[in-house]
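Student: Predicted model and sequence follow; I will ask about them next.
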Amino acid sequence: MSKDPLVVFTPSGKRGTFPVGTPILTAARQLGVDLDSVCGGRGICSKCQITPSYGEFPKHGVTVADGALSEWNAVEQRYQEKRGLKEGRRLGCQATVQGDVVIDVPPESQVHKQVVRKRAEAREIVLDPSTKLFYVEVAEPDMHDPSGDLERLRDALRQQWQLENVTADLNILQTMQPVLRKGEWKVTVAVHLGDAENRPCIMHIWPGYYDGSVYGMAVDLGSTTIAAHLCDLQTGEVLASSGVMNPQIRFGEDLMSRVSYSMMNAGGAAEMTQAVREGIRGLFTQIAAEAGIDKTLIVDAVFVCNPVMHHLLLGIDPFELGQAPFALATNNALRLRAHDLDLNIHPSGRVYFLPCIAGHVGADAAAVALSENPDKSEELVLVVDVGTNAEILLGNTEKVLACSSPTGPAFEGAQISSGQRAAPGAIERVEIDPVTKAPRFKVIGSDLWSDDPAFEEMIAATGVTGICGSGIIEMVAEMRMQGIVDAPGLIGSPEQTGSDRCFLDGRTYSYLVHDGTDKGGPRITVTNRDIREIQMAKAALYSGARLLMDKFGVDKVDRVTLAGAFGAHISPKHAMVLGMIPDAPLEKVTSAGNAAGTGARIALLNSSARAEIEATVRAIHKVETAIEPRFQEHFVNASAIPNAVEPFPILNSIVTLPDVTFNTGGGDSDGGRRRRKRV
């Protein structure tokens, strides 16, 4: 008897088996996947567009063959002829399951639109952009001066602005002459001022005096999201910020899954390069439209990213990053042209990549260092950029150490049974009553707690849809604080916890957070597997930080800074109860928001900062967690909540964690764990 095919949805990570012939839309609904449909599956609205992926997916344990979905049908053909479908897209209501398949739900097909919380942080930046505007008056040609128009324009820039050896690309030569004559030999010129590798270059010419501006884009290319900030290079103002899901997610949520995809599929790296470049071009178009500017006036872009994203965006196969010694193609800063990366900005636009540090510690960590300046701190500061791949810096004026820790996507809601990305309706704050063990919560899009009489009316448009990253951190920490979860991470029975919200779910217990089924909503629970996912993620994060502390020769830090997409939304107390970060005074645990994006903006708006970070990076010592024996030791200890051996005296002075153990020595998968000694 053949088994039913497996359907895996990304980016949610939800999966299930379905009979051959099941429409993808039906499978999505049964699994609670966020796939839109207005017409009820009649093939009219086209809101349920999906992208099937083919090839080998080791992370999901599946190989997707060509016939995994039913053939293109007449309904899809009609829609294609009338409105058009992007290449590779199918309609979820028409495509049916024929074999194991991985399905990506693009952002525009999701009911609850993604909120990428990588905002532009308020920051004072000395304005010194690499591209500036210069008004010049150019000598007119005559029979006695046979020089070309470009040469006389260069002479004007040298004489009037002391700009030497200015060059121009072909596109400038193609448009320059009519502009000079229209302006009656008076023009405004945008000049990229050059750097260690390039001479000054004319980027754009306007007739007469141009009173507008030119623009730059600061881009934080993450494993999960791409965030970009459009900046006015004349004023430094952020005109628009936005973000999208990284379309590479359909090839794997974490970095090593994508490296594996490139290894196991011919042309896989090129496929991922094309996907991320398309995502960036779409994001640039969206942001330019939002700001009401012409994309060709974007003359500069700065990118920060981890090493795998760095290589894939550049079109470099990340094969070497998948095996020791994790060699980068280059760890130096890069100065490129927009056309090198197929970017849809000014044809001569310049692109700057911040330097990578080493191995899996990338340009995003360099950007965090530029933003947070641990090398200038008298206090010993731990900076943690929380994401799918955490970047960790520890340092002061004496030295700075760095490492990368593979936390995976659990902190961002993926691989969690009721998890989701940050979007309206997602639970983001949690409190559990110590007596009743009942939770109350807040969701994105509402300031009210769920026990407020007006809560239901306030969230009527979205409902309660799932739990996002900051919500799952608070949820697990609250469950530990109120005796629903023990230190090894086991959820207790109703008798052990005193709560009938704990229910038998297979061989272990789960905790009921919210039941919206009576109103057509989801039943939101936290399972023991969810606890395990969070334990593994936080243990990886803590172990990286603790390893750097070992290398520094210290047992405590003076200050902790949380950065990253949702660093601003993490409660320091809950993070410490969970054991994500080392013990520290709560007032010394602060948020830097999107520090990597801030570093990118600094490098965009202040060209001298580029030389500064290049020098700083050379002085940062990178620690490779993969070859450090103590990393595994710290990881095992950090799997407990908050930790099996670390005392956490400051936390214990604030919170008393219940001394409970729910392992009764039965046949569950967690048997054999010893009770943690109370510290």
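Tutor: Noted; the coordinates are in hand. Numbers count the residues shown, from 1 in each chain.

Student: okay, CA-based contacts and neighbour counts for the rest of this
Tutor: Noted.

Student: can you map out the helices along the stretch 151-300 of the chain?
Tutor: Using DSSP state H, counting those that start in this stretch, the helices of the stretch 151-300 of the chain run over 170-182, 255-264, 268-291.

Student: cool, the stretch 551-679 of the chain as well?
Tutor: Assigned by DSSP H, counting those that start in this stretch, the stretch 551-679 of the chain shows helices spanning 572-578, 595-605, 608-619, 629-638, 649-654.

Student: re the thing from before, name the stretch among the helices of the stretch 151-300 of the chain that sits most buried.
Tutor: helix 255-264 (a mean of 22; mean count of other Cα atoms under 10 Å).

Student: got the buried residues for stretch 146-159?
Tutor: The neighbour-count check on stretch 146-159 (16 or more other Cα atoms under 10 Å) flags 149-150, 152-157 as buried.

Student: nearest to Lys86, of these?
Tutor: Distances from Lys86 to the buried residues of stretch 146-159, taken as Cα to Cα, are shortest for Leu150 (42.9 Å).

Student: show me the contacts for the residue of the chain most remote from its centre.
Tutor: Farthest-out residue of the chain from its mean C-alpha position, per Cα atoms, centre = their mean: His144, at 60.6 Å. When contacts are counted by Cα atoms under 8 Å, 6 or more residues apart in numbering, His144 touches no other residue.

Student: Report pLDDT for it.
Tutor: Among the per-residue scores, His144 shows a pLDDT of 79.

Student: ok, now how distant is it from Val443?
Tutor: Distance, His144 to Val443, by Cα to Cα, to the nearest Å: 75 Å.

Student: ok, now His204?
Tutor: When distance is defined by Cα to Cα, His204 is 47 Å away from Val443.

Student: what does Leu341 give?
Tutor: Distance check for Leu341 against Val443: by Cα to Cα, it reads 39 Å.

Student: Kindly report the same for Ala422.
Tutor: Distance, Ala422 to Val443, by Cα to Cα: 10 Å.

Student: could you pull out the strands for the stretch 451-600 of the chain?
Tutor: Applying DSSP state E, counting those that start in this stretch to the stretch 451-600 of the chain gives strands spanning 466-467, 502-505, 508-515, 523-526, 559-564, 589-593.

Student: of all the ones you listed, which lies closest to Leu283?
Tutor: strand 559-564 (19.5 Å).

Student: that older thread, give me the more crowded residue out of His204 and Val443.
Tutor: The neighbour comparison of His204 against Val443 (other Cα atoms under 10 Å) goes to Val443, with 28 against 25.

Student: Please name the spatially closest residue to that one (chain neighbours excluded).
Tutor: For Val443, ignoring the flanking residues on the chain, the nearest one in space by Cα to Cα, 6 or more residues apart in numbering is Ile427 at 4.2 Å.

Student: Next up, the contacts around that neighbour.
Tutor: Ile427 touches 441-444, 464-468, 471, counting by Cα under 8 Å, 6+ apart.

Student: just Ala366 next, same as before
Tutor: Contacts for Ala366 (Cα under 8 Å, 6+ apart) come out as 354-357, 596, 599, 613, 617.

Student: Look up how far Asp36 lies from it.
Tutor: Applying Cα to Cα, the value for Ala366 to Asp36 is 39 Å.

Student: Same check on Ser53?
Tutor: Using Cα to Cα, Ser53 is found at 19 Å from Asp36.

Student: Settle it for me: which of the two has more neighbours?
Tutor: The neighbour comparison of Ser53 against Asp36 (other Cα under 10 Å) goes to Asp36, with 23 against 19.

Student: Verify the stated contact: the more buried one with Pro106.
Tutor: No. Between Asp36 and Pro106 there is no contact under Cα atoms under 8 Å: 10.4 Å.

Student: Adding distance to Thr330 and pLDDT, write the buried residues of stretch 146-159 out as a markdown table.
Tutor: A markdown table is the format used below for the buried residues of stretch 146-159 (distance: Cα to Cα, whole Å; pLDDT from 0 to 100):
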| residue | distance to Thr330 | pLDDT |
| --- | --- | --- |
| Asp149 | 40 | 93 |
| Leu150 | 36 | 95 |
| Arg152 | 39 | 93 |
| Leu153 | 37 | 96 |
| Arg154 | 35 | 95 |
| Asp155 | 38 | 94 |
| Ala156 | 39 | 94 |
| Leu157 | 35 | 94 |
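
Student: Could you dump these into CSV and include distance to Ile570?
Tutor: Formatted as CSV, the buried residues of stretch 146-159 follow (distance: Cα to Cα, whole Å):
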residue, distance to Ile570
Asp149, 59
Leu150, 56
Arg152, 58
Leu153, 55
Arg154, 54
Asp155, 56
Ala156, 55
Leu157, 51
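
Student: Just the closest of the residues you listed to Val304, please.
Tutor: Checking the buried residues of stretch 146-159 against Val304 by Cα to Cα gives Leu157 as the nearest, at 32.8 Å.

Student: Not counting residues beside it along the chain, what's closest to that closest one?
Tutor: Spatial nearest neighbour of Leu157, excluding adjacent residues (Cα to Cα, 6+ apart): Leu163 at 5.6 Å.

Student: Next one: the one you found from Asn198, what distance?
Tutor: From Leu163 across to Asn198, the span is 13 Å (Cα to Cα).

Student: quick one, which of those two is more surrounded?
Tutor: Between Leu163 and Asn198, counted using other Cα under 10 Å, the more crowded position is Leu163 (16 against 12).

Student: low pLDDT regions in this protein?
Tutor: 1-2, 38-40, 111-123, 565-568, 665-679 (pLDDT under 70).

Student: how about a cut-off of 50?
Tutor: Applying pLDDT under 50 to the chain flags residues 115-119, 666-679.

Student: so where do the strands sit in the stretch 251-400 of the chain?
Tutor: Using DSSP E, counting those that start in this stretch, strands in the stretch 251-400 of the chain cover 298-305, 334-337, 350-353, 381-386, 390-395, 400-405.

Student: how about the ones you listed in TSV, adding distance to Thr10 and mean neighbour count?
Tutor: Formatted as TSV, the strands of the stretch 251-400 of the chain follow (distance: least, Cα to Cα, whole Å; neighbours: other Cα atoms under 10 Å):
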stretch	distance to Thr10	mean neighbour count
strand 298-305	22	28
strand 334-337	32	17
strand 350-353	29	22
strand 381-386	21	27
strand 390-395	21	27
strand 400-405	23	26
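
Student: Please name whichever of these is nearest to Arg281.
Tutor: strand 298-305 (12.3 Å).

Student: how close does Glu646 get to Ile473?
Tutor: As judged by Cα to Cα, Glu646 and Ile473 stand 20 Å apart.

Student: If you count surrounding residues, which of the two has more?
Tutor: Per other Cα under 10 Å, whichever of Glu646 and Ile473 has more neighbours is Ile473, with 28 against 15.

Student: Can you name the residues that contact the more buried one?
Tutor: 411, 534, 570, 574-575, 578.

Student: between those, which is closest to Asn306?
Tutor: Phe411 (17.5 Å).

Student: re earlier: right, so of the helices of the stretch 151-300 of the chain, which gets closest to Pro494?
Tutor: For Pro494, the closest of those is helix 255-264, at 38.5 Å, according to Cα to Cα.
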